[in-house]
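S.K.: got a sequence here, can you model it:
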Amino acid sequence: MTREPGKEWPARAHGWDAGFEPVVAATRGEAIEEVRRGVVVVAAADGSVLGGVGDPHTRLLLRSAAKPFQTLALISSGAADELDLSDEELALACASHSGEPRQVGVVSGLLQRLDLTAGDLACGAQAPLNRRARREMEARGEAPSTLHHTCSGKHAGMLALARFLGVSTESYDRPEHPVQRHIAAVVAQALSTDVQGLLDGVDGCGVPVLAMTARQAATLYARLAEGADPSLARLRDVMLGHPELVAGAGRFDTAAMAAAEGRLVAKGGAGGVQGLALPALGGRSAVGALLKLEDGGYRGLSLLVAELLGAWDLADVVPRLDEVVERVVRNTAGREVGLLLPLVGVRELRHGRARPAGSRTEEDLEYNVRVESEGERDVVRFLRKEWPLADQEILGRAYDWRAESLVLVARERRRVIGVLRGHFMGGVATVNELLVGAGVRRKGVGSHLLRSFESEARARGCHKLSLRTPKGSQAEGFYRAHGLCQEYVLPDHHFGHAYAGLSKTL
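M.R.: Numbers count the residues shown, from 1 in each chain. Okay, the predicted model is just below:
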């Protein structure tokens, strides 16, 4: 089975980790129309996670958000200097441009200097994304060419790299071509990881697409923000200096970078991907961020970026982005019928915020910690008193969290051949363990136990069935066959094994 060119498979369909959480809600009036899931990771240049939601190990396709790092190969190899590439040409290599005359002119000029033509670009022809440029072309009776393709700058940069490496420009879009292998090696070096698996599938413009975890992508953007080496610093400054070339008039990346005035690099990609690089500011070190919406759409993505900018000391930029941040739900007549609301904020997007002035540190507190019995009277009194208060603060009301345990036993005559132990709490039925005897497996015993547990759960008013099982195991296949779907992945969990969290709605 192969991926259709230009299409990104959903993470579950690909078999990748799907660590997405609710991030944006769309309302119509007072009713919630939809809740969109995604993953957001904020990272430092050393790879440490500084904030976000969802599983940072979620593996995804960067699509056009990879362009800065594909262009990095031009600089680090020496090609940019050897071929005397201008800052504008490097910015266009990073761009998903709109086909505006200036953008097309820069790409055309680079190809001429390389003694190449638009016919050497493998991206195919595409009408300009910029409406004015498109209308003017139509008025002249001019057909779109490969130069107008939003990725033509990247392709021209790859052809420049081929010239520098002294290899054929033919089939430069193939993963086995020296250009693509060189790019993969450069990205692997920037990540301090193995090159294996970095090229996975075909992007919409025909070249290999970069695949990595959300944490790795955020780390790359943090290193770009930091200017971790001279090549990354030059790349960052090129993008900061030419936001109008990186996307185009009215496009989010250009508007955000222009509004931030040198404090933000923004690069989006198809499939609901957005990369951000925030250079050091005040007492804050450089950070990078990667945002990805699970369904591959864009609805709510700009709103999430605005929340993240506010959390990371760029709140003054947000009001300047009103024209490009989607906050309103409109019907086909253009009338406002609802709102988009972020489900994440500062608490999730920025962990470990600075302490308020005058607050006490851990070293200042006079307390001791020791092992005690949970049945001690003062311990029980503390939990009974404090949990309702915590529930009220976090969940809006106090709940009864008493767990009701259940043991189901399958017997053959008097001999035990299978056991399921679980519990019911807060409307969730959890399978703690399910084991069938070695001599009677694959005879329906486990299925009967699981169905019986589901029936008991429904009878108790539970809305969800949940469990954990080793990732990739036969047990996972068994549960999936019974309708449970992956909800999250815990890498290096029990005894160092990855575990999958599975659930189903009852």
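S.K.: for the stretch 1-150 of the chain, give me the ranges with low pLDDT.
M.R.: 1-18 (pLDDT under 70).
S.K.: how about the strands in it?
M.R.: 21-28, 31-44, 49-53, 59-61 (DSSP state E, counting those that start in this stretch).
S.K.: wait, which of those is closest to Arg234?
M.R.: For those, the distance to Arg234 is smallest for strand 31-44, at 21.1 Å, taking Cβ to Cβ. To be clear about C-beta, it is placed using only N, CA and C from the backbone, and glycine gets the same treatment.
S.K.: which helices and strands does that closest one pack with?
M.R.: strand 21-28, strand 49-53, helix 214-226, strand 287-293, helix 301-311, helix 346-349 (3 or more Cβ pairs under 8 Å, 6 or more residues apart in numbering; DSSP states H and E).
S.K.: for Gly262, which of the ones you listed is the nearest?
M.R.: Closest of those to Gly262 is helix 214-226, at 11.5 Å (criterion: Cβ to Cβ).
S.K.: re earlier: dump the helices and strands packed on strand 31-44 to JSON lines, plus mean neighbour count.
M.R.: Shown next, in JSON lines, are those (neighbours: other Cβ atoms under 10 Å):
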{"stretch": "strand 21-28", "mean neighbour count": "18"}
{"stretch": "strand 49-53", "mean neighbour count": "21"}
{"stretch": "helix 214-226", "mean neighbour count": "27"}
{"stretch": "strand 287-293", "mean neighbour count": "28"}
{"stretch": "helix 301-311", "mean neighbour count": "23"}
{"stretch": "helix 346-349", "mean neighbour count": "16"}
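S.K.: and those as CSV, adding distance to Glu476?
M.R.: What follows is the helices and strands packed on strand 31-44, written out as CSV (distance: least, Cβ to Cβ, whole Å):
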stretch, distance to Glu476
strand 21-28, 21
strand 49-53, 24
helix 214-226, 22
strand 287-293, 24
helix 301-311, 31
helix 346-349, 28
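S.K.: just to revisit the earlier point, can you check which of the strands of the stretch 1-150 of the chain gets nearest to Val209?
M.R.: Across the strands of the stretch 1-150 of the chain, closest to Val209 is strand 59-61 (Cβ to Cβ), at 5.0 Å.
S.K.: quick one: strands adjacent to that closest one?
M.R.: strand 208-213 (antiparallel) (DSSP bridges).
S.K.: now the strands: where do they sit in the stretch 351-500 of the chain?
M.R.: Under DSSP E, counting those that start in this stretch, the stretch 351-500 of the chain gives strands at 404-412, 415-425, 428-436, 464-470, 485-490, 499-505.
S.K.: any idea how far the longest one is from the chain center?
M.R.: Looking back up the chat, that one is strand 415-425. 38 Å (Cα atoms, centre = their mean, to the nearest Å).
S.K.: for that strand, the averaged confidence score.
M.R.: Model confidence over strand 415-425, given as mean pLDDT, is 96.
S.K.: re the thing from before, want to throw the strands of the stretch 1-150 of the chain into CSV with distance to Cys205?
M.R.: Output for the strands of the stretch 1-150 of the chain, formatted as CSV (distance: least, Cβ to Cβ, whole Å):
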stretch, distance to Cys205
strand 21-28, 28
strand 31-44, 24
strand 49-53, 29
strand 59-61, 13
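S.K.: grab the nearest non-local neighbour of Gly153.
M.R.: The shortest distance from Gly153 to any non-neighbouring residue, by Cβ to Cβ, 6 or more residues apart in numbering, is to Leu92 (3.3 Å).
S.K.: tell me the contacts of the one you found?
M.R.: Gln103, Val106, Val107, Leu110, Ser152, Gly153, Ala156, Gly157, Leu245 (Cβ atoms under 8 Å, 6 or more residues apart in numbering).
S.K.: likewise for Leu111?
M.R.: So Leu111 contacts Thr117, Ala118, Asp120, Leu121, Ala156, Leu159 (Cβ under 8 Å, 6+ apart).
S.K.: need the residues you listed in JSON lines (columns: neighbour count).
M.R.: Putting these into JSON lines (neighbours: other Cβ under 10 Å) gives the following:
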{"residue": "Thr117", "neighbour count": "13"}
{"residue": "Ala118", "neighbour count": "19"}
{"residue": "Asp120", "neighbour count": "17"}
{"residue": "Leu121", "neighbour count": "28"}
{"residue": "Ala156", "neighbour count": "28"}
{"residue": "Leu159", "neighbour count": "20"}
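S.K.: out of these, who's nearest Arg381?
M.R.: Ala156 (71.4 Å).
S.K.: before we move on, back to that, of all the strands of the stretch 1-150 of the chain, which lies closest to Val329?
M.R.: strand 21-28 (5.5 Å).
S.K.: now the angle from that closest one to strand 31-44?
M.R.: 150 degrees (axes from the mean of the first three to the mean of the last three Cα atoms, to 10 degrees).
S.K.: so what does strand 21-28 touch, helix or strand wise?
M.R.: strand 31-44, helix 301-311, strand 328-330, strand 336-342.
S.K.: could you dump the second one to PDB, C-alpha only?
M.R.: What it means is helix 301-311. Only the C-alpha atoms of helix 301-311 are listed here, as PDB (Å, rounded to 0.1, in the frame of the first residue of the first chain):
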ATOM      1  CA  LEU A 301      -4.800  26.800  14.000                       C
ATOM      2  CA  SER A 302      -4.200  30.600  13.900                       C
ATOM      3  CA  LEU A 303      -6.200  30.900  17.100                       C
ATOM      4  CA  LEU A 304      -3.900  28.400  18.800                       C
ATOM      5  CA  VAL A 305      -0.800  30.300  17.600                       C
ATOM      6  CA  ALA A 306      -2.200  33.500  19.000                       C
ATOM      7  CA  GLU A 307      -2.700  31.800  22.400                       C
ATOM      8  CA  LEU A 308       0.900  30.500  22.300                       C
ATOM      9  CA  LEU A 309       2.300  33.900  21.400                       C
ATOM     10  CA  GLY A 310       0.500  35.400  24.300                       C
ATOM     11  CA  ALA A 311       1.900  32.800  26.700                       C
END
